[in-house]
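Chemist: have a look; sequence and predicted model below, questions after that.
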Amino acid sequence: MTPPGHPHSKSLRVERLPHIWCQGCGLGIVLHAYADALEETGVDLDKVATISGIGCAGRASGYVNTDAFHTTHGRALPFATGVGMSRPDIKPVVISGDGDLFSIGGNHLIHAARRNIDVLVICSNNFNYGMTGAQFGPTTPSETKTPTSPYGNIENPFNLAALVAAAGATMVSRWTVMHPIQLKNSIKRGLTKKGFSFIEVITPCTTGYGRLNRLSPLDMMRMLREKGKIRKVPPTEAVCDPAREIVLGDFVDVEKPTYNEVFETLTHRAGVAS
């Protein structure tokens, strides 16, 4: 049972805690950073909708004390687009995983960024399909062993920061769960920024990725601390290779009209013309 006086009793549904994530998983840290950001920005929780797809990270929407939607696999962004278009007073926040957002949901993601939908996307990247058996996915590092790549992954992984920046995102950041303060501060900026904001969070999958690659939870957290380097570089140079270096930081922060703003301007002109 969750003890009374929980520090996040305002932003979380504490009656649903403790969470169901595996020991050593970083998703609890991601949820904590999000809860901190919600409270420190002072946003009206009735004006935030937390939306997720399918996967381990998708469970986050059920713990947050905002309107919450656990949608179908890969469809969190179309749902968030609908929420934002129909209720522009509500800030959609998508919390989901690398597989959900960049595999089955990849097409939706690049077009949401291209349109500059007013949404904050927090992508938990654990380098595999953690919930369904730790198969390799679009972010799995080369040569990594998984049940579907027993001799090592031969595919090239996406650089999520570079991909989203190229698609048109107005804010792009990357942190790890070993950098919770920086992560929280990025989430705070994303909650108040207009446009498509994207935060990649590198987080360990201990039960799947770690176990199959002979990495303990402590090994994985040490790796994030040692390989994570904060650098001021363009997103195309933001390497994300746990065997070599994981470049962290805020890579993009620009302003441009959101999809809602352009839509409202055009419809207003059409109304005046008629």
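Modeler: That came through fine. Numbering: from 1, shown residues only.
Chemist: contacts, neighbours, all on C-alpha from now
Modeler: Will do.
Chemist: the helix or strand where residue 34 lies - contacts with which helices or strands?
Modeler: Element membership for residue 34, per DSSP states H and E: helix 27-41. Identification of packing neighbours for helix 27-41 by 3 or more CA pairs under 8 Å, 6 or more residues apart in numbering; DSSP states H and E yields helix 180-192.
Chemist: contacts for stretch 206-221 next, please.
Modeler: 22-25, 126-128, 130, 133-134, 144-146, 178, 204 (CA atoms under 8 Å, 6 or more residues apart in numbering).
Chemist: ok, and the most crowded of those residues?
Modeler: Tallying neighbours with other CA atoms under 10 Å puts residue 204 at the head of the contacts of stretch 206-221, with 30 neighbours.
Chemist: OK, contacts around residue 45?
Modeler: Contacts for residue 45 (CA under 8 Å, 6+ apart) come out as 11, 38, 65, 66.
Chemist: which residue packs closest to the second one, ignoring adjacent ones?
Modeler: The spatial neighbour of residue 38 that comes closest, neighbours along the chain excluded (CA to CA, 6 or more residues apart in numbering), is residue 11 at 6.8 Å.
Chemist: ok, the one you found to residue 88 distance?
Modeler: Residue 11 sits 21 Å away from residue 88, going by CA to CA, to the nearest Å.
Chemist: the more surrounded of the two?
Modeler: Taking other CA under 10 Å, residue 11 and residue 88 do not tie; residue 11 has more neighbours (19 against 15).
Chemist: ok so, going back, is the residue nearest to residue 38 in contact with residue 61, as I believe?
Modeler: No: using CA atoms under 8 Å, residue 11 is not in contact with residue 61, being 11.5 Å away.
Chemist: quick revisit: and the gap between the residue nearest to residue 38 and residue 253?
Modeler: Applying CA to CA to residue 11 and residue 253 gives a distance of 27 Å.
Chemist: could I get the buried residue list for stretch 188-200?
Modeler: 188, 189, 190, 191, 193, 194, 195, 196, 197, 198, 199, 200 (16 or more other CA atoms under 10 Å).
Chemist: how about those residues in TSV, adding distance to residue 271 and pLDDT?
Modeler: Below are the buried residues of stretch 188-200 laid out as TSV (distance: CA to CA, whole Å; pLDDT from 0 to 100):
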residue	distance to residue 271	pLDDT
188	36	98
189	35	98
190	33	98
191	32	98
193	29	97
194	25	96
195	25	97
196	27	98
197	31	98
198	34	98
199	37	98
200	40	98
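Chemist: tell me which two in these are the farthest apart.
Modeler: The distance between the two most remote of the buried residues of stretch 188-200 (CA to CA) is 17.9 Å, for 194 and 200.
Chemist: re earlier: of the buried residues of stretch 188-200, closest to residue 120?
Modeler: Nearest member of the buried residues of stretch 188-200 to residue 120, counting by CA to CA, is residue 197, at 4.7 Å.
Chemist: immediately after the helix or strand encompassing that closest one, which helix or strand?
Modeler: Following DSSP H and E, one finds residue 197 within strand 196-202. Scanning forward in sequence from strand 196-202 by DSSP H and E, the next helix or strand is helix 211-212.
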